[in-house]
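Enquirer: just to be clear, the model below is a prediction. Sequence and coordinates:
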Amino acid sequence: MYKNNNTQVTEEQIKSAHDADLHAYISHYLINDHIRRGSSLVRRDNNSVSIKSGANWWQDFATQEHGDSIDYLTKFYGERFTDAVRVLSGFCGCFPSDQGSRIQITHTATAQMNSSGFERPAQAKDNNRVFAYLTKTRCIDRNIVNALIDNGLLYQNDCIDQGMRSYSYCVFMSRTKPFAELRTTDTFGNCPDGYTKKVATGSRGYWSFQIGTKPRAAYVCEGAIDAISLYQLRRENAIYISIAGAKKQTALNEVKNDFRDICKVVLAVDNDGIGHAGDWCRRKNSDLPFILPKRKDWNEDLQSLRLGYSLKK
């Protein structure tokens, strides 16, 4: 076992990551890099590297080199030790929060990302404004925000306008796609370029997180905050997705392709009335089932529940 000299991950997370079913993890997330040989998996680029069904280890039969699940992500995918531990322990449902409970967030390794042309927003030195905005203004539980931050799915971006005023954005950063969704933390929607919501230059795909290892559905929302709010409202083992806009059909087609063989894909876009974007999306994708928030969107439903005001529109 590893000796933990890094306070960024716990001994519990390291043990969980070490014991993670590597075969199951690869089958779920990295299968495109592998070929099935009977009940085992071998790497597509090196057939001597094999992972047996149910195993938490791998072996290279050509060199006799071997290692555990953590070693596999650090050696073949360039993950840092702490990131590999977080990814694998999340797959096992082990993400300790500041409140002692666990938010079971699972996400994939970064190696699948083709980031050509993608400009990742710069990360600020802290996440104070993001944390305050999401927990106080948007009523999202602090342990959910912490879990997203801890797993690289959320961080703060700071910028200064021409008048030297400081602004910050929530950056919802995908770990599987060259995609980042930004939302200003200003309560009144003030921001340098006038866009309170936007995606990073060169973004392709969508943002998502998964609860548990056996998702019942993949819920497609218009924005990351809605996706998080939907989880907080339902507390369901599922995949929660943002395509950053109801008319992002290319992204939605990608979602269908990625998840249809795993679980049912369900539209969870805004309840904004006939003729609006959410209605257009449901009509355009009549092959998908859908659910509707009681108010305009899922965060409004969450706020109404937390703050106690009427659900009537």
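Expert: Received, thanks.
Enquirer: got any ranges where this protein has weak pLDDT?
Expert: Scanning the chain for pLDDT under 70 picks out the ranges 1-8, 28-29, 90-116, 161-164, 189-194, 308-313.
Enquirer: and the strands in it, which stretches?
Expert: 34-37, 40-43, 46-51, 57-60, 65-68, 105-106, 154-160, 166-173, 180-184, 197-199, 207-211, 217-221, 239-242, 264-267 (DSSP state E).
Enquirer: so what's residue 171 up against?
Expert: Contact analysis of residue 171 by Cβ atoms under 8 Å, 6 or more residues apart in numbering lists 121, 123, 154-157, 180-182, 200. Where C-beta positions appear, they are placed from N, C-alpha and C, glycine not excepted.
Enquirer: can you tell me the closest non-neighbouring residue to residue 47?
Expert: residue 35 (7.3 Å; Cβ to Cβ, 6 or more residues apart in numbering).
Enquirer: who does that neighbour form a beta bridge with?
Expert: When bridges are called by DSSP bridges, residue 35 pairs up with residue 42.
Enquirer: sorry, back to before: with neighbour count and distance to residue 86 added, can I get the contacts of residue 171 in TSV?
Expert: Converted to TSV, the contacts of residue 171 look like this (neighbours: other Cβ atoms under 10 Å; distance: Cβ to Cβ, whole Å):
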residue	neighbour count	distance to residue 86
121	18	21
123	14	16
154	25	13
155	20	14
156	22	19
157	22	21
180	25	19
181	26	21
182	21	23
200	20	22
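Enquirer: can I get those residues in a markdown table including distance to residue 206?
Expert: Shown next, in a markdown table, are the contacts of residue 171 (distance: Cβ to Cβ, whole Å):
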| residue | distance to residue 206 |
| --- | --- |
| 121 | 17 |
| 123 | 21 |
| 154 | 15 |
| 155 | 18 |
| 156 | 21 |
| 157 | 19 |
| 180 | 11 |
| 181 | 9 |
| 182 | 14 |
| 200 | 13 |
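Enquirer: and those residues, which two are the farthest apart?
Expert: The largest separation in the contacts of residue 171, counting by Cβ to Cβ, is between 123 and 181 at 14.8 Å.
Enquirer: quick one: contacts for the residue nearest to residue 177 when sequence neighbours are not counted?
Expert: Leaving out its chain neighbours, the residue that sits closest to residue 177 by Cβ to Cβ, 6+ apart is residue 205, at 3.0 Å. Residue 205 makes contact with 174, 176-179, 251, 254, according to Cβ under 8 Å, 6+ apart.
Enquirer: same check, this time on residue 55
Expert: 21-23.
Enquirer: and if you look at residue 187?
Expert: Listed by Cβ under 8 Å, 6+ apart, the contact partners of residue 187 are 133, 137.
Enquirer: how close does it sit to residue 129?
Expert: Noted for residue 187: a distance of 11 Å to residue 129, by Cβ to Cβ, to the nearest Å.
Enquirer: partners of the residue nearest to the spatial centre of the chain in the sheet?
Expert: Nearest to the mean C-alpha position of the chain, by Cα atoms, centre = their mean, lies residue 209 at 3.0 Å. Beta bridges link residue 209 to residue 240, judged by DSSP bridges.
Enquirer: surely it touches residue 240?
Expert: Yes - using Cβ atoms under 8 Å, residue 209 makes contact with residue 240 at a distance of 5.7 Å.
Enquirer: gap between the residue lying closest to residue 183 once chain neighbours are set aside and residue 221?
Expert: Excluding the flanking residues, the one nearest residue 183 by Cβ to Cβ, 6+ apart is residue 170, at 4.6 Å. Remark: distance between residue 170 and residue 221 (Cβ to Cβ) = 15 Å.
Enquirer: which of these two has more neighbours?
Expert: residue 221 (29 against 26; other Cβ atoms under 10 Å).
Enquirer: residue contacts, the more buried one?
Expert: Taking Cβ under 8 Å, 6+ apart, one finds 227, 230, 240-243, 268-269, 298 in contact with residue 221.
Enquirer: let's go with 6 Å and repeat that
Expert: 227, 242, 268 (Cβ atoms under 6 Å, 6 or more residues apart in numbering).
Enquirer: for residue 231, see how far away residue 288 is.
Expert: Using Cβ to Cβ, we find residue 288 at a distance of 19 Å from residue 231.
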